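> Got a sequence here, can you build the structure:
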Amino acid sequence: MTPPMTPQDLAKRLKAHGLDIGKAGVADIESGVRPVQHFELVVLAGILNTTVYGLIGGE
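Now for the predicted structure:
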């Protein structure tokens with residue numbers, strides 16, 4: 001089983017994909033404080049092995 005991804009892990013993976021979103025930025029996204037841009041959704045979906053539709057509440 002894969003251990004859960006921490007905000008710091010996600011921030012590192014985002015940076016590797018060219019997005020400069022730090023640990024605090026990831027936390028802000030998770031809590032709804034910071035909006036996510038459309039191009040960021042595409043990268044997030046790839047990192048999290050899901051679809052954009054899945055991230056925004058779809059199946």
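> Quick check, central residue of this structure?
The geometric centre of the chain, computed from its C-alpha atoms, lies nearest to Leu44 (Cα atoms, centre = their mean), at 4.0 Å.
> Which residue comes closest to that one once chain neighbours are left out?
The shortest distance from Leu44 to any non-neighbouring residue, by Cβ to Cβ, 6 or more residues apart in numbering, is to Leu55 (6.2 Å). For every residue, glycine as well, the C-beta is placed using N, CA and C.
> Any idea how many residues pack against Val26?
When neighbours are counted by other Cβ atoms under 10 Å, Val26 registers 21.
> Leu10 now?
Going by other Cβ under 10 Å, the residues that sit close to Leu10 add up to 20.
> pretty sure it contacts Val26?
Yes: contact criterion Cβ atoms under 8 Å: Leu10 and Val26 qualify, at 5.1 Å.
> All the helices of the protein, in order from the start?
7-16, 23-31, 38-47, 52-55 (DSSP state H).
> which strands and helices sit next to the last one?
What that stands for is helix 52-55. In terms of contacts (3 or more Cβ pairs under 8 Å, 6 or more residues apart in numbering; DSSP states H and E), helix 52-55 is packed against helix 38-47.
> got the buried residues for the helix it packs on?
Glu40, Val43, Leu44, Ala45, Ile47 (16 or more other Cβ atoms under 10 Å).
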